[in-house]
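**Student:** mind folding the following:
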Amino acid sequence: MGGLALPGRLTWVCTRRCCGFQVRNDLSSDLVTCALGMAVALRRPRPGTIHHSDRGSQYGSLSFGKTLRESGIIPSMGSKGDPYDNAAQESFMATQKTELIHRSRFKTRDEARLAVFRYIEGFYNPKRRHSALDYKNPAEYERMLTEE
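**Tutor:** Below you'll find the predicted structure:
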């Protein structure tokens, strides 16, 4: 495949569930705005929900800011050059690269998109266990929280 396919994704920190994602070949505002739109449509976050990101220019774009405002989401950005400010997302990205990206060769962007979808919806959310979630997967942990 020509060019690099970059997945953009949003995760719910308390459950580690990946709820919005997009695959593009650049780090544009469209990448993160589409991932945010998917997360908002699926999750319908409460007004006042905080979206935390690094200081990438795509997160400071007008379109991304507009989507946040229209959804009642408060933007938050980490300190410059400090990956610990966004540790949950950094951890997810490292895991996805190790378990999927570095083990695969995609011929087309559509093939990459399908692989990312299958990884997130077919493995990561419903099956991958996390020590931070008492060794439950994100979907199971989320169900447990909503039943309480």
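
**Student:** can we go C-alpha only for contacts and neighbour counts from here?
**Tutor:** Fine.

**Student:** which residues of this structure score low on pLDDT?
**Tutor:** Flagging of the chain using pLDDT under 70 yields the residue ranges 1-7, 81-86, 148.

**Student:** let me see the ranges of the helices in it.
**Tutor:** With DSSP state H as the criterion, the chain has helices at 29-43, 62-70, 87-99, 109-117, 138-147.

**Student:** columns mean neighbour count on top of those helices, output as TSV?
**Tutor:** Formatted as TSV, the helices of the chain follow (neighbours: other CA atoms under 10 Å):
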stretch	mean neighbour count
helix 29-43	19
helix 62-70	15
helix 87-99	15
helix 109-117	17
helix 138-147	14
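
**Student:** my guess is residue 48 meets residue 71, correct?
**Tutor:** No. Counting by CA atoms under 8 Å, residue 71 is not a contact partner of residue 48; they are 9.1 Å apart.

**Student:** which one's more surrounded, those two?
**Tutor:** residue 71 (19 against 12; other CA atoms under 10 Å).

**Student:** contacting residues for that one?
**Tutor:** 40, 45, 47 (CA atoms under 8 Å, 6 or more residues apart in numbering).

**Student:** ok, residue 64 next?
**Tutor:** Shown here is residue 64, whose contacts under the criterion CA under 8 Å, 6+ apart are 29, 30, 32, 33, 58.

**Student:** recalculate using a threshold of 10 Å.
**Tutor:** Residue 64 sits next to 29, 30, 31, 32, 33, 34, 36, 37, 58, 70, 75 when contact means CA atoms under 10 Å, 6 or more residues apart in numbering.

**Student:** just give the nearest non-adjacent residue to the fourth one, would you?
**Tutor:** On the basis of CA to CA, 6 or more residues apart in numbering, the spatially nearest residue to residue 32 that is not a chain neighbour turns out to be residue 8, at 5.8 Å.
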